[in-house]
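Participant: coordinates for the following, if possible.
(2 chains)
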Amino acid sequence: MRGPDLRRLYDEHAQALYAFLLNLTCNESDTRDLLQNIFVKLARDPDLLNRARDERAFLIRLAHNAAIDLMRRRGTQDKTRELFGIEHVSPFAPTRDPDQHAFRTALAEALAGLPADQRAVIHLKLWEGLTFEEIATTLGIPPNTAASRYRYGLDKLRERLRPLYEEIK
Amino acid sequence: MKPEDFEHELRRQPLRQVPGEWRKEILTTAESAAVTRRAPPAIRPSWLSTFNSQLSILLWPHPKAWAGLAAIWLLILAADFSMRDQPPGVAEKSAPPSPEVMVELRQQQRMLVELIGSRDEHAAVRSKSYVPQPRSDWRFEILRA
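Facilitator: The predicted structure follows:
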């Protein structure tokens, strides 16, 4: 794979990968490292994408695996981070509207409180617009598992955000 | 709160944009990694070529002397093989035994037959003298004693 292909891949997929990774890691520095690792991997193995039927799905799968590996390695560090109250980085765009700001902050915190597998499914369903079949293929899980993870995760978010949601509506 | 409305509200939340300066940094790092990968790897010599070079170093000071030594060994091997090829006729050409030796051999043979025969008779006598009793008889005799 030559330079222009890497650039095209970056321009087409980096935003989606960034948002997905930031939602999983809740940390911008880790997100940057993982995003860079994905592109280094693509540069080192030019045939990697030739085997993929869907570029986006393949790259999201790479990102998901890399994020899960990182979270497993950093398990103890994450506990330390929680102990010292280090803030999670929101995956949502900043806004000047105070109501929207409050809702996005609460949503980011509620998402960060979900298990990573539920968070991944919710992100792909809501912000990537994938079907459960596509999510299942991307993450390598059965479609029923994808659907149940989505429902459980969404129920938790709804319970947690209900007062704020009803207030801004 | 309807579930569909809640999902729709979540879906319309805009995601944070990837920082613009990352593009250049990430692509530069990735492209430099690709260049490193494309550089030809150092050729590792096979064990055969290593052996060959070591042998050359060993033999190099006096190649003629080593060649001469090898030739002498080849001559020795050739001589050994040529001697093995001679037909073994020595045993066949030996003279037949004399009549005295034949008589002595027959005597020894006769003695051997007698000895073997006497041992057989002794064994037969011993086997006749032993008459095994049934176990019940033994017990009966022990009780009576």
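Participant: output the strand or helix carrying B:Ala70 as CSV, nothing but the C-alphas.
Facilitator: With elements delineated by DSSP states H and E, B:Ala70 resides in helix B:63-84, which encompasses its position. Taking Å, rounded to 0.1, in the frame of the first residue of the first chain, the C-alpha atoms of helix B:63-84 are listed here in CSV:
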residue,chain,number,x,y,z
PRO,B,63,45.5,-26.3,0.4
LYS,B,64,48.0,-28.6,-1.5
ALA,B,65,48.9,-30.4,1.7
TRP,B,66,45.3,-31.1,2.5
ALA,B,67,44.6,-32.3,-1.0
GLY,B,68,47.6,-34.7,-0.8
LEU,B,69,46.3,-36.0,2.5
ALA,B,70,42.9,-36.6,1.0
ALA,B,71,44.5,-38.4,-1.9
ILE,B,72,46.4,-40.7,0.4
TRP,B,73,43.2,-41.6,2.3
LEU,B,74,41.5,-42.4,-1.0
LEU,B,75,44.4,-44.7,-1.9
ILE,B,76,44.2,-46.5,1.4
LEU,B,77,40.4,-47.0,1.0
ALA,B,78,40.9,-48.3,-2.5
ALA,B,79,43.6,-50.8,-1.4
ASP,B,80,41.3,-52.0,1.4
PHE,B,81,38.4,-52.6,-1.0
SER,B,82,40.6,-54.4,-3.5
MET,B,83,41.8,-56.8,-0.7
ARG,B,84,38.2,-57.6,0.4
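Participant: quick check: mean pLDDT of it?
Facilitator: Throughout helix B:63-84, pLDDT has a mean value of 87.
Participant: ok, now stretch A:22-34?
Facilitator: The pLDDT scores in stretch A:22-34 average 93.
Participant: quick check: phi and psi at A:Phe92.
Facilitator: With angles defined as degrees, to the nearest 10, A:Phe92 shows backbone torsions of phi -100, psi 150.
Participant: what's near enough to touch the closest residue to it other than its chain neighbours?
Facilitator: Using C-beta to C-beta, 6 or more residues apart in numbering or on different chains and skipping residues adjacent in sequence, the residue nearest A:Phe92 is A:Arg104, 4.2 Å away. From N, CA and C alone the C-beta is placed, and that goes for glycine too. Taking C-beta atoms under 8 Å, 6 or more residues apart in numbering or on different chains, we find A:Arg104 in contact with A:90, A:92-93, A:95, B:13.
Participant: mind checking how far the helix or strand hosting A:Arg104 is from the chain centre?
Facilitator: Counting by DSSP H and E, the element that carries A:Arg104 is helix A:98-112. When distances are taken as C-alpha atoms, centre = their mean, to the nearest Å, helix A:98-112 is centred 16 Å away from the chain's centroid.
Participant: what's the mean pLDDT across that helix?
Facilitator: Mean per-residue pLDDT for helix A:98-112: 92.
Participant: and it, what's buried?
Facilitator: For helix A:98-112, a neighbour-count test (16 or more other C-beta atoms under 10 Å in any protein chain shown) marks A:100, A:103-104, A:106-108, A:110-112 as buried.
Participant: and the helix or strand hosting A:Asp30, how far from the chain's centre?
Facilitator: When secondary structure is defined using DSSP H and E, the element that contains A:Asp30 is helix A:28-44. Chain-centre distance of helix A:28-44: 14 Å, with C-alpha atoms, centre = their mean.
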